[in-house]
Structures are given as structure tokens and as C-alpha cells.
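J.: Generate coordinates for the sequence data below:
(chains A and B)
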Amino acid sequence: MESTFLQWLAEPGLTHYLMVSAILFSLGLLAVISRKNVIMVLMGVELILNSANLNFIAFSRFTELALDGQMIALFVIIIAAAEAAVALAIVLNIYNRFKTINLNEISLMKG
Amino acid sequence: MLIQLSLIILLAPMLGFLVLIFAGKKLPRNGDWFATGLITLSFALSLYLLITKLTLHHGEAITGTMTWVVLGNAAEAGSLTVPFGIMIDNLAAVMLVVVTLISMLVHFFSVGYMHGDVRYSRYYAYLGLFSFSMLGIVLTDNLLMMYIFWELVGISSYLLIGHWYEKKSASNAANKAFIVNRIGDAGMFIGIMILFASFSTFAFGAIFDTVAAGNLPFNSTAWLTAAGVLIFCGAVGKSAQFPLHVWLPDAMEGPTPISALIHAATMVAAGVYLVARVFPILTADALLIIAYIGAITALIAATIAITQFDIKKVLAYSTISQLGYMIMGLGVGAYTAGFMHLVTHASFKAGLFLGAGSVIYAMHNALHKKNDHHTDAQDIRNMGGLKSRMPVTYWTFLIFTLAISGIPLTSGFLSKDEILAGTLAFGTLSGHWLLPIIGFAVAGLTAFYMFRLLILTFHGKHAGTTSLDDVVESPKVMTIPLMVLGALSLFVFYSFNPFGASSGWFFAAIERPASVVPALMQPATSAVFHDAVSSMHTLAMVLSILIAAAGVLFALAVYQWNKVSADRMASSLGFMYRGSLNKWYFDEMYGSVFVNGTIGITKILRWFDENIVDGAVNGAATVTSRISVVSRWFDNTVVDGLVNLSARLTEMTGTLLGKIQTGKVQTYFIYIVFSFIVLFFLFI
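T.: Model (predicted):
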């Protein structure tokens, strides 16, 4: 049992990548949910996006899909860059308006 | 030609009315000259018409008709037309002269009497309307037009009696005259309708012809009698016959010249004229009723006149009494005598009233000089001794008094004598001896009370507060009419024989029309009646002179020579005296029976209104308000409750859901993630 686990660790395959990706996703999700700073939340979003990228590439590497995954990963990186630009502009506006970027204090839509 | 003339006579006073009512105040002198001029024109034309009629067209009646209204044209009904027609027979021609003459003299007299009155032009306007209405009654040839003019007389008498309507008594008297007349008019209208329903015509000639041909209303002589009596009801009202005589004394509240006009020529004469007009269709029964009504009226009014102290009241009751004579004369068949009494009475009664007016005018001015506004200027107890101060008034008044008392050489003697002879003849023919007895008794009473009036007013010492020097004779415009009427009260104008009217032009001109009712119901024919009158004439004359002389002598004995004390007589005849003084309590009786009866009924009706009708309305209101309370509760609780409930539910839901809306982005994100996980496990 011990030996099969170590053996499994020694021979990296698809599952390993997927697990790293899952950990990355979870960390991103945790950042998005729990951080009060908007910038930190954006960083969490980046983590989530990158975990997806990791998945794409891993599936592309271990299956018959050729370079499709890598292509889509490139697209995601580009879109993430655009998303970061738009999001940072929004954050700037939020700051201009509320003089804070603490998400707990930005609750105008509270019912 | 004569028809056109009569139209001018008829319409001239109407023109005066129209001009004066609209423009009277703008005319110089308020237009009295205009009205007086028009009525003088009417009089002149009437006189010309009478002379022409009597000389050129003696026997025939001149008629002219035009269709006025056509009532339906169904073939089976025949076309019912209402004609506007004029009929001038000798009766109408004589009556025209009487009406216009008296009216003209009253116009002249009023220039003096009504001088300075607040509604001077209106007074003349109404005089015109009054004359017009009366001339219409005289000229018309059918019952409907007569009824219309009849009512016009009623309304114009109402307006004139109430001329001084600021006085409560005057407006009451006007109302009373109008309302009492309506009672009679209702009967007259029913009578006219009985004839119209059976014969489909209003025209006198056509009705007489139909009855003469043997057609009776509803094929019964009883209905013919009823129609006659009902039409006579109109005359009972207008001519102030018992039991509707009560309005006439009250009508004294009007200006005195109006009293003269009403009593002499216009209103009260209308009733007698009506009876004369419909005379041919009156059955013997109807005539008997008419005769007795006349006799009762004459007696009652004469007994009341004896004790009155108001100069105009005495004259008013004497008018009623004399009207009773006329009606009795017509009733017994003394047609010409009855109508002649109307004509002669017109001149001397107009004279008496204008004379009384002259006295009142003088007394009023004398009282005014003394600044005395409480003493009654009409009470003969305040007069006396006026003879020396008002000679013209006195001498004319004396002539009129002689005439009404039936002293020979006057016109009144001629006509009264003929009526009394007629009642005697009727007594011999039918056995109703009560009528001549009443007739002669009333003749004596008349002589007595008229001389009492004359003596208390003009003879003896002056009584009352005024000094005799303040009483002056009235102006010429008032005394000249008196002199004219005084002259007309002499016998020569009616017959050249002072002791018999039957040889004069009047009896030749006015002949009793032949009765058209079936032979069984006919009164005694003219010829039979005439023979009976001839045999009774001397007796009647002697008796009437004796009785009149007795009446005059008794009056002289009591009031001039003081041989008999009036007070002692009054106390010894206590019951009779009080009854007479209080006018036999007719007003009180009518007051308690009819007026209070009406008031009683209205009280019951008011109770009914207030309790039953108002109760029903109020009950409905209460029920509605109760129902509305319930429905308000339903609305407030159930309907509003549902609406509010839904609102509240919505609000609760909103509040609940609002709790989820924290406004924090991360919360929403958690929801998304959580939902995603749930969906993931549900679908995969």
C-alpha cells in the first residue's frame, strides 16, 4: 500500500496534474471567497483561471488531442489579461467612489 | 257692417288694456284719457248699433261666425268645430249699451276718484280688460266662448277687487271672490259639457234647434233640467245668488267705482244675462229652482241690508237682493221684466255706488283735514247732514233711492212692478204663492233700508268727528256721471207710460224667446203668461206702491222723525237683529264648514305626509344606512383584508428574500458555487 503510493508519486501522470490543478482551483476559490481586498480576489480569479489552463494542457498532453489544449490555454491567458485590465479599471472606479476597496464595506445593493 | 262695428266695440277696450298695461306710465296723465276715449268710442258705436238694430233689423239676429278650432275630423264623429261667433240680437244690443255706458261713466268718475293712486294706469288697464270680457260675454254666440269670457270677467274682477292689494282685507276679498266664483263655474262647465257631449256643438242656435227637434241629452228631460240648473250654477256664482252670495259684500274692498261697475253692468249682470241667453232650453223644473233661488237670495240679502252700517255694505246687499229679483223674474217667466230690471238697476245702482263713492271721497278728505286716520270714512254713523254740503250728490242719490225702492215715475218702479206682476201671475198659474209673497216683502224691506241709508247719510245732524264745513262737493268729473245716471233712472227712457212698461219700446224690443223643451216640461207659454200678467197688473201695481210707501214711511218714522226707537226695535227682535247684523252667519258657517274643513283635511294629510310618507322615506333611509354599515364592515374587513393580506404576504416574502441580498459580492459568489455544486451532484 505504502509502496504503491510512493510508486504512484514517482511516476507522474494525468492524475497528478489534475490534482495540482484542483488544489490550485481550491486555493483560488478560497481567495475569491474569503479575501476582503478586491485585488486579492482578482488574484484568486487568476488562480482559478490558471488551474483551468493546467487542466487543458494536462488533458492535451495525456490524450490524443494534439495541441488543442495548449491553444485554448493561450486564449485563456490572453482573455485573463484583458479581464485583469477591465477589472482593475473597475476597481479604480470603485475606489474613486467609495474611497475603499474593502468588499465588506461595498454593500449598496443590500436588500 | 254691424258685425265689424261690434268687433270694434269689443276690441277697443282690449286695445286700451294692452296699451296701458305696457306703456301706461309713459303716456301723459298715465293714459286715462286714452282708455276713457276708447270706451266712449265703444259707447257711441253701441248706441248707434242699438238704434240701427231696433229700427232696421228689428226681429232678426245678426250673426257672424268663423271656425276657430277644428277638433278631429273622424267621419263617424263628424267634424267638431269650435266657432268664434258673434250674435247681435236685441238682447245683446241693449246689453252692449248698458255695459259701455256704465263703464264709460265709471271711467270718467275714476278720473276724479282715483286721482293720484299709485297704480293709476294699471287701474285703467284693468278697467279695459273688464269691459272687454263683459262685452265678449254679451256678443258671443256659443257657450264655449262665453265660458272663456266668463273666466276673463272672473280674473279681471279679481285684479280690480285686489287693486289695493297691500291691504290684507282687499287681497283676501279678491281671493274670496275668485274662489267662490270658481265653485259656480265648475257647475257651469259641467252643464256646458253635458250639452256638448250630447249635441257636439257649443252654438246657442244649434243647441236650441236640436232640442226643438226633439233630441234631448241622453234622451231624458231630467238631463236637460240638470244641464239647465248646472249652467245656472255659473250665474249663481257670478250674480251672487244664494248660497254663493258671500263674495259680493267683501268685494267692497275694491275701489268704489269698481263696485259700481261690478254691481251695475259687468260681473253680476253676466249671470242674469247667461240665464236670459239659455232661457229657451230651461225646463219648467229648472225655472222653478231658479225662481226659488232668486227669491231666497232677495229675501236673505234684504234682511241683512237692514242692519248694516257700512254705506257700501248696505248697497252690496241691496245689489244681491235686486239680483235675486232679476233671477226670480226670469225664473217665473217674466223674461222681459227680469232683463229690464237688470238694465234699470244698472243705471240706478251704478249711480248709488258712484254717489257713495262721492260721499266717501268727501268724508275721506274731511277726515284727512282733521288728521284722523282711524275713523271709518264709510260708516254711516259718522255721517248725517251731508245734504246741505253735497247738493248734487244728495239729489241724485235721492233719485236712485226712489228708483230702487220702486216709487212711481222712476225706472225701478217700471221693472220691479213687472216682476211682481209676473210672480203673481206665476202664483195663479202654478200655485207657488210663496214667490209673490217674498217678492212684495222684499219690496217693502228695500224701501225701508234704502231710505234708512239716505236719511242717516244726508239728513239730520252731522255725527262723528269731522266738522261739516270740511265736507265739500266732489269735482265735476264725478258729479256729471251722477247727473247722467240720475236722468237715466227716470221712467221716460224706458216707457212713456209711467205706470206700465209693457207699452214701451223695451218690451217691444226684448221678447221672451219661445221655449224649445218638450211640451210636457215647458213653462207656461208667453201668451198664457202674458194674459195672467195683464189680469194681475193693476193689483201688483197698487200693492207694490202701497208696500213701498209703507217701507219709506216706516224708515222716515224711525230715522227722520224719531217716532219709533231703532234701538228698542233691535232689542225686542234680539235674535233676528243679531242674525241680520251678522249676515245670518253665512261667512262663519262657510268658514267653519268649508274653510276649517279644508284645513282639517290638510292637517290629516300633513299628518299622513309627515308620518307615513316621510316615515317610509326615512325608513328607507334608515334601512339603507344599516345595510351600508354592514357592507362597510365587509369592505373594511374582508375585501380590504384580502388586499392587505396579499400586500403583507408580498412584503413578508420581500423581507425574507431581501435577507439573502446582502449586497456583498462574495456572498453571491458563494451562492453560485454552492448552487453549481448542487446542480453538479443532481445532474451528473
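
J.: quick one, what contacts B:Phe202?
T.: Applying Cβ atoms under 8 Å, 6 or more residues apart in numbering or on different chains, we find B:Phe202 in contact with B:82-83, B:142-145, B:192, B:195-196. Glycine gets a C-beta too; all of them are placed from N, C-alpha and C.

J.: How about B:Val359?
T.: Shown here is B:Val359, whose contacts under the criterion Cβ under 8 Å, 6+ apart are B:311, B:383, B:386, B:390, B:393, B:457.

J.: and what of B:Ile262?
T.: Counting by Cβ under 8 Å, 6+ apart, B:Ile262 has contacts B:157, B:160-161, B:248, B:251, B:254, B:268.

J.: Just the closest of the residues you listed to chain A, please.
T.: B:Ile161 (94.2 Å; Cβ to the nearest Cβ).

J.: Report the contact partners of B:Ala501.
T.: Each residue near B:Ala501 by Cβ under 8 Å, 6+ apart is listed here: B:337, B:340, B:414-415, B:417-418, B:494-495, B:507.

J.: Revised request: answer the last question for B:Ile3.
T.: Taking Cβ under 8 Å, 6+ apart as the definition of contact, the neighbours of B:Ile3 are B:62-64, B:86, B:88.

J.: And it, which helix or strand is it part of?
T.: helix B:2-23 (DSSP states H and E).

J.: Show residues contacting the following helix or strand past that helix.
T.: Next along the chain after helix B:2-23, taking DSSP H and E as the criterion, comes helix B:32-56. Here helix B:32-56 makes contact (Cβ under 8 Å, 6+ apart) with B:2, B:5-6, B:8-9, B:12-13, B:15-16, B:19-20, B:27, B:62, B:88, B:90, B:93-94, B:96-97, B:99-101, B:103-104, B:107-108, B:110-111, B:120-121, B:124-125, B:127-128, B:131, B:135, B:505, B:509.

J.: Show me which residues of chain A are close to chain B?
T.: A:29, A:32-34, A:41, A:103-104, A:106-111 (Cβ under 8 Å from any Cβ of the partner chain).

J.: Just give me the neighbour total for whichever residue of the stretch 1-150 of chain B sits closest to chain A.
T.: At 87.9 Å from chain A, B:Phe22 is the closest residue in the stretch 1-150 of chain B, using Cβ to the nearest Cβ. Residues lying near B:Phe22 (other Cβ atoms under 10 Å in any protein chain shown) number 11.

J.: so how far is A:Ala58 from B:Leu482?
T.: The gap separating B:Leu482 from A:Ala58 is 153 Å, by Cβ to Cβ, to the nearest Å.

J.: and if you look at B:Phe43?
T.: Counting by Cβ to Cβ, the gap from B:Phe43 to A:Ala58 is 146 Å.

J.: Name the residue in the two with the higher neighbour count.
T.: Neighbour tally, B:Phe43 and A:Ala58, criterion other Cβ under 10 Å: the higher count belongs to B:Phe43, 23 against 19.

J.: Closest to B:Asp209 out of the contacts of B:Ile3?
T.: B:Thr63 (13.2 Å; Cβ to Cβ).

J.: Just give me the neighbour total for that closest one.
T.: Based on other Cβ under 10 Å, the number of other residues close to B:Thr63 is 15.

J.: quick one, what contacts it?
T.: B:3, B:85-88, B:141, B:205.

J.: Narrow the residues you listed to those in strands?
T.: Judged by DSSP state E, these include B:85-88 as members of strands.

J.: Reformat those as a markdown table; add distance to chain A.
T.: Formatted as a markdown table, the ones in strands among the contacts of B:Thr63 follow (distance: Cβ to the nearest Cβ, whole Å):
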| residue | distance to chain A |
| --- | --- |
| B:Gly85 | 102 |
| B:Ile86 | 104 |
| B:Met87 | 107 |
| B:Ile88 | 111 |
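
J.: So which of these wins on neighbours?
T.: B:Ile88 (26 neighbours).

J.: Now that residue. Nearest residue, chain neighbours left out?
T.: B:Ile62 (4.5 Å; Cβ to Cβ, 6 or more residues apart in numbering or on different chains).

J.: tell me the contacts of B:Ile192?
T.: B:143-144, B:147, B:202, B:231.

J.: Go through the lowest-mean-pLDDT helix or strand in chain A and flag the buried ones.
T.: The helix or strand of chain A with the poorest confidence is helix A:2-10; it has a mean of 77 (mean pLDDT, DSSP states H and E). Neighbour-count burial for helix A:2-10, counted by 16 or more other Cβ atoms under 10 Å in any protein chain shown, picks out no residue.

J.: which is the next helix or strand following it?
T.: Next element after helix A:2-10 (DSSP H and E): helix A:14-34.

J.: Counting by contacts, list what the next helix or strand after that following helix packs against.
T.: The C-terminal neighbour of helix A:14-34 among helices and strands, as given by DSSP H and E, is helix A:38-62. If you count contacts as 3 or more Cβ pairs under 8 Å, 6 or more residues apart in numbering or on different chains; DSSP states H and E, helix A:38-62 packs onto helix A:14-34, helix A:68-98.

J.: okay, those helices, which one's buried deepest?
T.: Counting by mean count of other Cβ atoms under 10 Å in any protein chain shown, helix A:14-34 has the highest mean neighbour count of the helices and strands packed on helix A:38-62, with a mean of 15.

J.: Skipping adjacent residues, who's closest to B:Leu520 in space?
T.: B:Thr221 (7.4 Å).

J.: That neighbour against B:Ala286, yeah?
T.: No. If you go by Cβ atoms under 8 Å, B:Thr221 and B:Ala286 don't touch, sitting 10.0 Å apart.

J.: Of those two, give the one with the bigger neighbour count.
T.: B:Ala286 (26 against 17).

J.: Quick check: the gap between the more buried one and chain A.
T.: 108 Å (Cβ to the nearest Cβ, to the nearest Å).

J.: Same check on B:Ser628?
T.: 43 Å.

J.: need the contact list for B:Ser6.
T.: By Cβ under 8 Å, 6+ apart, the contact set of B:Ser6 is B:49, B:86, B:88, B:96, B:139.

J.: what about chain B, any weak spots by pLDDT?
T.: Scanning chain B for pLDDT under 70 picks out the ranges B:71-79, B:464-468, B:566, B:574.

J.: which is the next helix or strand following the lengthiest helix in it?
T.: Ranked by number of residues, the top helix in chain B under DSSP state H is helix B:335-369. Per DSSP H and E, the first helix or strand lying C-terminal to helix B:335-369 is helix B:391-405.
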